[in-house]
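In: need coordinates for the below:
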Amino acid sequence: MGAAALSSGFADPAVDAARAFRAALNAMARPGRIERVAGPTPPGPLSPAAAALVLTLCDGETPLHLAGRHDTAETRDWIRFHTGAPLVPAEAAVFALGSWDALVPVERFAVGTPEYPDRSATLIVELDGLEPRGTPLTGPGIRERAALPLPDPAAFRANAALYPLGRDVFLTADHHLAAVPRSTRIHGEEG
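Out: Numbers count the residues shown, from 1 in each chain. Okay, here's the model as predicted:
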């Protein structure tokens, strides 16, 4: 295990984790709203926002899947040291982290069951940037309309059609995060 794995966690774990958890809850409750987090300085392609979500939402009993360029020895060591989360194949994941291209096909991630819709995966999708524009969103938690740069609006529409089943999604870039819960309605691209 390298030195990078042993450092770069939250500076003040209790306070920083509480703030990151609050930002994640706010983002999930208000789809399209972009939250800023003071996340740690994680190793290589992991953004501070994605790292803050992993540190806050994962522990030794939370199966996590790393996809594509996020699946590196340095990132695996960092996650193991800071959370103890078991790293698993996509089909067994409670959380999955990577770029959209690395996470597809998303159908391999759990959507829950009619009896237990909460037994679904949550995707943490790393983007190059996150701005309140792009694909229009409506639904619970959105006053009128919101917009986010969804990497594949058709896939998000298909996911929403599964409701109450489906996957919840966090979008992250740098120190920012937003959420698209499965209950969010996805509209055509902004004109």
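In: use CA for all of it now, contacts and neighbours both
Out: OK.
In: which residue ranges of the protein form strands?
Out: Taking DSSP state E, the strands of the chain run over residues 35-36, 64-66, 95-99, 122-126, 135-138, 146-148, 168-173, 176-180, 185-186.
In: distance check, the residue nearest to Pro164 when sequence neighbours are not counted against His65.
Out: Nearest residue to Pro164, sequence neighbours excluded (CA to CA, 6 or more residues apart in numbering): Pro117, at 6.4 Å. Counting by CA to CA, to the nearest Å, the separation of Pro117 from His65 is 20 Å.
In: now Val104
Out: Distance, Val104 to His65, using CA to CA: 13 Å.
In: returning to that earlier point: can you list the strands of the chain in a markdown table and add distance to Val88, mean neighbour count and mean pLDDT?
Out: What follows is those, written out as a markdown table (distance: least, CA to CA, whole Å; neighbours: other CA atoms under 10 Å; pLDDT from 0 to 100):
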| stretch | distance to Val88 | mean neighbour count | mean pLDDT |
| --- | --- | --- | --- |
| strand 35-36 | 28 | 19 | 98 |
| strand 64-66 | 5 | 25 | 98 |
| strand 95-99 | 9 | 25 | 98 |
| strand 122-126 | 14 | 25 | 98 |
| strand 135-138 | 31 | 20 | 97 |
| strand 146-148 | 29 | 21 | 97 |
| strand 168-173 | 18 | 24 | 98 |
| strand 176-180 | 23 | 27 | 98 |
| strand 185-186 | 30 | 21 | 97 |
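In: these into TSV, with extra columns for distance to Pro42?
Out: Below are these laid out as TSV (distance: least, CA to CA, whole Å):
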stretch	distance to Pro42
strand 35-36	16
strand 64-66	14
strand 95-99	14
strand 122-126	14
strand 135-138	29
strand 146-148	25
strand 168-173	13
strand 176-180	14
strand 185-186	32
